[in-house]
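> Any chance you can model this:
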Amino acid sequence: MSDAAHAHDAHGHHAQPTGIMRWLTTTNHKDIGSLYLWFSFFMLFVAGSMALLIRSELFEPGMQLMRPDFFNELTTMHGLLMIFTVIMPAFTGFANWQVPLMIGAPDMAFPRMNNWSFWLLPVAAIMLLGSFWLPGGAVAGGWTMYPPLFIQGGVSYDLTILSVHIMGLSSIMGSINIITTILNMRAPGLALMKMPMFVWTWLITAYLLIATMPVLAGAVTMLLTDRNFGTHFFNAAGGGDPVMFQHIFWFFGHPEVYILILPAFGIISQIIPTFSRKPLFGYASMVYATASIAILSFTVWAHHMFAVGMPVAAQLFFMFSTMLIAVPTGVKVFNWVATMWKGSMTFETPMLFAIAFVCLFTIGGFSGLVLALAPVDIQLQDTYYVVAHFHYVLVSGALFSIFAGIYYWLPKWTGHMYNEALGKTHFWLSVIGMNTIFFPMHFLGLAGMPRRIPDYALQFTGFNQIATVGAFIFGFSQLLFLVLVLKTIKSGAKATDQVWEGAEGLEWTVPSPAPYHTFETAPVVK
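Coordinates of the predicted model:
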């Protein structure tokens with residue numbers, strides 16, 4: 001530790017550490033929120049550059065840039081990193097920043113555990129990325145880690161399992177912190193049904209994380225013992241069942257996709273009322289819809305597995321439960337549209353991203369309903385149609401809502417206004433790029449192009465070339481976003497107390513006034 005870190009002030013108290021020690025040891029929820037968001041931003045470029053390599057290889061048929069196994073390593077890593085080191089940490093960063101402010105709490109319930117939750121993530125990410133340089137290369141078995149592929153393979157597979165364990169630990173600790181903070185530290189008079197929608201979505205998400213992360217831990221631990229200790233959980237040669245792994249994995253994996261989207265719903269439910277100058281339509285139904293989605297998410301896992309030879313009764317059950325989960329999601333979309341209906345709308349960058357979210361996320365939802373039909377899914381299983389579907393949900397859903405949230409709260413966080421013209425440029429480039437990549441993939445999938453392949457038949461060339469051009473537009477427009485954020489922090493115009501004009505009283509929540517000490521530092525209790 002430096003001398004500065006040990007310095008004392010005039011009263012003999014420890015002075016605050018500075019420099020790197022401040023960030024390593026911080027227990028301040030805003031600092032930790034910023035760490036999560038910057039980490040997520042950095043990893044977006046890492047995982048995004050992998051996607052650009054994948055799209056470059058697919059620009060034309062034949063093998064151009066890489067060995068087929070390296071291509072498979074990239075698809076695995078891109079998936080794992082985007083989920084565990086980009087989307088989840090970004091939403092956790094928002095939770096750290098906003099939840100205490102929105103409920104009038106001085107900080108998170110367990111500030112030191114909060115610090116620990118964050119610092120596990122860079123360690124896990126380094127371990128995961130490090131496997132590229134191990135003998136045999138990184139994991140080529142897909143981000144879902146299916147056996148039997150995953151039971152073979154080198155030491156990088158063990159490293160991946162350990163890394164996933166550590167990321168799960170980080171999520172569980174973060175969730176305990178968020179639940180305790182929301183349930184125990186709300187300002188007096190802030191009833192649960194008066195909380196901002198963002199706080200509600202995170203409360204429900206945190207319960208989902210605590211319920212599902214141990215399931216994933218169990219699945220990968222069994223894989224680890226199959227690989228190293230002679231067990232046969234998933235090894236058919238020893239009487240195990242590879243399909244059992246899929247059941248356990250997707251029992252985690254399907255609630256996980258809702259973990260990736262529910263906080264997005266919360267952010268969008270804060271932004272749309274603000275720029276419509278109207279209360280959120282149907283607040284209570286929004287809360288109940290969010291809870292319904294979370295509960296139903298545990299009943300749909302095997303719709304990822306229609307092609308494994310399930311009995312017809314099971315196929316019917318999973319088909320209908322998957323259709324059922326579209327109902328509360330439809331309620332939310334209806335409520336967002338009803339909030340905008342006859343509102344005094346303005347179209348600043350956060351609102352543009354929110355509207356794009358509603359339109360494009362709905363497309364992803366519809367293609368999900370198509371895939372819910374078992375006979376259709378058996379045809380489209382493992383084609384690019386599936387890739388198009390989940391990227392519409394996770395790029396225009398999760399990622400766009402993250403952009404929207406950053407534009408919305410950045411003036412509050414930094415005290416500076418971002419450049420609106422740059423923001424709108426970033427928005428249009430992102431929307432055009434995103435649709436150019438993923439819309440043609442629906443056609444590729446319907447025509448039968450399989451996913452996770454480095455080479456393809458000649459008839460798929462045209463749509464692949466369009467998608468690759470879109471990928472470069474989308475990828476490089478994120479550099480513009482980086483420039484915008486840095487400019488805002490350093491030198492943006494000063495933000496007023498009332499950042500979004502005419503939105504007074506709508507910015508937190510409609511049913512109750514914001515806690516009086518929302519943005520002041522809470523007094524330290526001696």
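> and Pro100, what does it touch?
Pro100 makes contacts with 29, 106-108, 181, 185, as judged by Cβ atoms under 8 Å, 6 or more residues apart in numbering. For the C-beta atoms, the positions are set from N, CA and C on the backbone; glycine is no exception.
> Now for the residues you listed: which two are most distant?
The largest separation in the contacts of Pro100, counting by Cβ to Cβ, is between His29 and Met185 at 11.0 Å.
> Please identify which of these two sits among more neighbours.
Of the pair His29 and Met185, His29 is the one with more neighbours under other Cβ atoms under 10 Å, namely 23 against 17.
> My read is that the more buried one contacts Met113, right?
No: between His29 and Met113 there is no contact under Cβ atoms under 8 Å: 11.8 Å.
> Apart from its neighbours in sequence, what residue is nearest Met244?
Nearest residue to Met244, sequence neighbours excluded (Cβ to Cβ, 6 or more residues apart in numbering): Phe234, at 6.4 Å.
> whoops, Val370 was the one
Excluding the flanking residues, the one nearest Val370 by Cβ to Cβ, 6+ apart is Val376, at 6.0 Å.
> Test my guess that the one you found contacts Gly368.
No: look at Val376 against Gly368 with Cβ under 8 Å: they stay out of range, at 11.5 Å.
> Settle it for me: which of the two has more neighbours?
Counted by other Cβ under 10 Å, Val376 and Gly368 do not tie: Gly368 has more neighbours, with 21 against 15.
> part of a strand, is that one?
No: in this structure, Gly368 is helix, not part of a strand, as judged by DSSP: H, G, I helix; E, B strand; the rest coil.
> Check the gap between the nearest residue in space to it that is not next to it in sequence and Phe334 for me.
Leaving out its chain neighbours, the residue that sits closest to Gly368 by Cβ to Cβ, 6+ apart is His389, at 5.8 Å. Distance of His389 to Phe334, computed by Cβ to Cβ, to the nearest Å: 21 Å.
> who's more crowded, the two?
Higher neighbour count among His389 and Phe334: His389, with 24 against 14, using other Cβ under 10 Å.
> What are the neighbouring residues in contact with the more buried one?
By Cβ under 8 Å, 6+ apart, His389 lies in contact with 364, 367-368, 370-371.
> Quick one: residues contacting the residue positioned nearest the centre of the chain.
Closest residue to the average C-alpha location of the chain: Ile87 at 2.7 Å, with Cα atoms, centre = their mean. Taking Cβ under 8 Å, 6+ apart, we find Ile87 in contact with 40, 260, 394, 398-399, 402.
> again, only this time at 6 Å
Contact partners of Ile87, counting by Cβ atoms under 6 Å, 6 or more residues apart in numbering, are 260, 398.
> Could you check the pLDDT of it?
Ile87 is assigned a pLDDT of 98 by the prediction.
> wait, is Ser344 part of a strand?
No: assessed with three-state DSSP, Ser344 is coil; it does not lie in a strand.
> domain parsing for the chain?
Domain assignment for the chain by automatic domain parsing gives 1-7+18-190, 265-282+290-519.
> what distance separates the longest one from the centre of its chain?
Between the mean C-alpha location of domain 265-282+290-519 and the chain-wide mean there is a distance of 10 Å, by Cα atoms, centre = their mean, to the nearest Å.
> which one is Leu120 nearest to, not counting chain neighbours?
Once flanking residues are discounted, Leu120 sits nearest to Ser170: 4.1 Å by Cβ to Cβ, 6+ apart.
> Settle this for me: the one you found is touching Leu121, isn't it.
Yes: assessed by Cβ atoms under 6 Å, Ser170 is found in contact with Leu121 at 5.4 Å.
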